[in-house]
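Asks: Here is my input; please provide its structure:
(4 chains)
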There are 2 protein chains.
Amino acid sequence: MPEDVADTWGALLKVHAALVPLLDRELQEAHGLPLTWYDVLLELNAAPERRLTMGQLGSVAAVSRTRVSRVVDELVRAGLVARDPNPDDGRSAFAALTPAGRTALRKAAPTYLAAVRREFADHLTVREADVLASALRKVLAASGRER
Amino acid sequence: MPEDVADTWGALLKVHAALVPLLDRELQEAHGLPLTWYDVLLELNAAPERRLTMGQLGSVAAVSRTRVSRVVDELVRAGLVARDPNPDDGRSAFAALTPAGRTALRKAAPTYLAAVRREFADHLTVREADVLASALRKVLAASGRER
DNA sequence: TATAACTATGTGCGTACGCACGTAAATACT
DNA sequence: AGTATTTACGTGCGTACGCACATAGTTATA
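Replies: Down below sits the predicted model:
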């Protein structure tokens, strides 16, 4: 008996709606980091040379491209990110993780990971987690391709 | 080689970020229904007697409990939902799907389902979809239990 | 029954968000 | 080279959102 497609998608929506505010509050209370900041710091940390242009950041992060400008503004004011000019393109600007930004990310990561495990991963078998990851990545690849 | 828990969760976040705005725009352009409206109508349609109290609606829908009041206001103005008093509890009020609401939902559903298939389900095998649905439901059940 | 504690709902208000637009730089075209 | 088109970015502005609080009705306590 195959699942209804809408039910599977609906379950994903509900999980997102239930867990994201929870993770956000937990990060904020423990470290003063909104989930948006954490997400941006995470992406920058994973990027080559720990920096990305605004456009790249808008593509990979959960936040929209236009929103990135203001979030990076906030992060710069907090000292966690620096705006570096792009020598190869005068229009472009890099958002680069500062040492303070890395430190903040390292400090917040255990809180975030613990919450993700407790609320999400601990309820999945290893096989389920693997299937989930590969399946979601396929969806993501298809979505990114036709953009 | 087991997946990192954060990567799996991160993939879910990215899929949500990529697909939700797309579904919203598509529903809006084709039928003038924001995704929020569609979600509320869907939950009401699935409920016994096609109605729910505000609190119940806030729990099952993706929208927060406080937000429900205003969304239902809009739906009432649009004629898709009616506010029925609850005879058993004077504080409470039902949001009940009107015939026009059911019609709107029936009309919008094909658009929504087609988009969900195209962007999501078509990229999954049947087995993956089944694992996804059951896994996400387990997460959801655990999250709802300790609330 | 009278009062206290609790629950369901609506609303004021500040924040987060993304679209539409403007600006500046790079690329394509002649 | 000079002009037009495209691209990357930031900002004004209106909308969506949820928290904190107020209100009214219900349940528990004495």
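Asks: Okay, residue A:126 and DNA strand C: tell me how far apart.
Replies: Look at residue A:126 and DNA strand C: by CB to the nearest atom of the strand, to the nearest Å, they are 32 Å apart. Where C-beta positions appear, they are placed from N, C-alpha and C, glycine not excepted.
Asks: what does residue A:85 give?
Replies: Relative to DNA strand C, residue A:85 is positioned 10 Å away (CB to the nearest atom of the strand).
Asks: how about that residue, phi and psi?
Replies: Phi and psi for residue A:85, reported as degrees, to the nearest 10, are phi -70, psi 150.
Asks: How about residue A:88?
Replies: When read as degrees, to the nearest 10, the backbone of residue A:88 gives phi -90, psi -10.
Asks: what does the one 5 residues further on give?
Replies: Backbone torsions for residue A:93, taken as degrees, to the nearest 10, come to phi -140, psi 140.
Asks: can you tell me how far the residue nearest to residue A:64 when sequence neighbours are not counted sits from chain B?
Replies: Nearest non-adjacent residue to residue A:64, counting by CB to CB, 6 or more residues apart in numbering or on different chains: residue A:58, 6.4 Å away. Residue A:58 sits 11 Å away from chain B, taking CB to the nearest CB, to the nearest Å as the criterion.
Asks: Surely residue A:58 touches residue A:70?
Replies: No. Counting by CB atoms under 8 Å, residue A:70 is not a contact partner of residue A:58; they are 11.6 Å apart.
Asks: So the two - more neighbours on which side?
Replies: The neighbour count for residue A:58 versus residue A:70, taken as other CB atoms under 10 Å in any protein chain shown, is higher for residue A:58 (17 against 10).
Asks: Can you tell me the element the more buried one falls in?
Replies: Per DSSP states H and E: residue A:58 is located in helix A:54-60.
Asks: Enumerate every residue touching the most centrally placed residue in chain A.
Replies: Most central in chain A under CA atoms, centre = their mean is residue A:39, positioned 3.2 Å from the mean C-alpha point. By CB atoms under 8 Å, 6 or more residues apart in numbering or on different chains, the contact list for residue A:39 reads A:61-63, B:13.
Asks: Of those residues, select the buried ones using a PyMOL command.
Replies: This is how PyMOL selects the buried members of the contacts of residue A:39, with burial counted by 16 or more other CB atoms under 10 Å in any protein chain shown:
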select buried, (chain A and resi 61+62+63) or (chain B and resi 13)
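Asks: In TSV, list the contacts of residue A:39 along with pLDDT and secondary structure.
Replies: Listed next are the contacts of residue A:39 as TSV, based on pLDDT from 0 to 100; DSSP: H, G, I helix; E, B strand; the rest coil:
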residue	pLDDT	secondary structure
A:61	94	coil
A:62	93	coil
A:63	92	coil
B:13	96	helix
